[in-house]
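> Build the 3D model from these lines:
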Amino acid sequence: MNKILKWIKRILIAIIGLITVLMIGLYITFFFWKKAAIQNLPQNSKVITTSEGPVEYTLKGNSDRYMLMIHGSPGSVHVAGGESFLDKGFSVLAVSRPGYYKTPLSSGGTPKDEAALYKSLLDELKIDSIYVKGISGGGPPSIQFAIDYPDRCAGLILSAAVSEKMEDKSDDNGLLNSFFQSEFGMWIGIQIAKTQMSEEEEEMMDWFVERGLFPFASIDDGLENDDNEVLHLKDLEMEKIMSPTILFHGDKDDNVPYSHSQNAAKRIPNSTLFEMKGKDHYVFFTSYSDTINTEIMQFIDNIETHEK
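Numbering: from 1, shown residues only. Sure, this is the predicted structure:
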């Protein structure tokens, strides 16, 4: 019996040793990956001081038709997207939301303050009217912008957008959960998740993670504030929205319930809900985004046709 116990002990020590070596190797890989990701962040953004505070932004294109890209939670100006609209005759204005990267949280901690920040940015850039595209956690400030500044919002585009209070489903208990909330743990979790993704989804995930997630110090304030805001979100007076609105949402979305867009579409006048059957929250990172962009352009063409 003692001989068996000794062998079991040796096996356990060997397993623990292997796991330790593996984790050290993974951490070294992560360390250099993170260093390279930070060094390779695009350097084309600018920070401008507005009447509401500083905001990080990029403005691409030479058209007098503008699209404002408001990213989700987390995110940055570097993952706001919108490049496909440059070829469709738009200038694309992207921002880092308050608390993310170079935009301090003091520039707008609530949807109303954040909407005011974007209005002040438009003032600084001498942009009169703009289409507003908000995704996921960027939904509340996008909706608030349309409510507060109808003359500046040419149209509202909401993609799997938060539009009402959400329940707290977080689990702060447990060592394992704490590990996966750390930078290294998050990176490990992403590598595991990528094993279940298609090559296309994996490439988009890498693009997003490298440009909008690390280092955590660049997103901590924004993510914590967003989490708090959606848990205590006051009713957004969507009935007051005057801008034409289109909503995109997958009915298999586990991050932002599909009911958010269903309810919003019922409340927002002159709105259209584009239901994406069988699609989840990450559909916007797949080739299906081409279908979405086609619908967006038809939506905009209808607006501009009626204005003539």
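
> Using the three-state scheme, assign the residue nearest in space to the middle of the chain.
By CA atoms, centre = their mean, the chain has its centre lying nearest to G72, at 2.2 Å. Three-state call for G72 (DSSP: H, G, I helix; E, B strand; the rest coil): coil.

> Quick check, pLDDT for it.
Looking at G72, its pLDDT is 95.

> Just to check, it is in contact with P140?
No - G72 lies out of contact with P140 (CB atoms under 8 Å); the separation is 10.8 Å. From N, CA and C alone the C-beta is placed, and that goes for glycine too.

> all helices for this structure, in order.
2-39, 83-86, 111-125, 139-148, 175-180, 183-194, 199-212, 220-231, 258-267, 289-307 (DSSP state H).

> Which neighbouring elements make contact with the fourth one?
What that stands for is helix 139-148. If contacts are counted by 3 or more CB pairs under 8 Å, 6 or more residues apart in numbering; DSSP states H and E, helix 139-148 sits against helix 111-125, strand 130-135, strand 153-159.

> Leaving out sequence neighbours, find the closest residue to I147.
K240 (5.1 Å; CB to CB, 6 or more residues apart in numbering).

> Distance-wise, check the one you found relative to N263.
15 Å (CB to CB, to the nearest Å).

> what's the answer for N40, then?
Applying CB to CB to N40 and N263 gives a distance of 41 Å.

> More neighbours: which of these two?
A direct count of neighbours by other CB atoms under 10 Å for N40 and N263 places N263 higher, at 14 against 10.

> Throw the helices and strands packed on helix 139-148 into JSON lines and include mean neighbour count and mean pLDDT, thanks.
Output for the helices and strands packed on helix 139-148, formatted as JSON lines (neighbours: other CB atoms under 10 Å; pLDDT from 0 to 100):
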{"stretch": "helix 111-125", "mean neighbour count": "21", "mean pLDDT": "98"}
{"stretch": "strand 130-135", "mean neighbour count": "26", "mean pLDDT": "98"}
{"stretch": "strand 153-159", "mean neighbour count": "26", "mean pLDDT": "98"}
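
> Quick one: neighbours of I48, just the number.
Neighbour tally, I48, other CB under 10 Å: 13.

> Leaving out sequence neighbours, find the closest residue to it.
E124 (5.7 Å).

> Can you check the pLDDT for the residue nearest to E210 when sequence neighbours are not counted?
Once flanking residues are discounted, E210 sits nearest to A37: 4.5 Å by CB to CB, 6+ apart. Among the per-residue scores, A37 holds a pLDDT of 90.

> Cross-check the contact I'm expecting between A37 and G212.
No - counting by CB under 8 Å, no contact exists between A37 and G212, whose distance comes to 10.3 Å.

> Between those two, which is the more surrounded one?
G212 (22 against 17).

> Thank you kindly, that will do.
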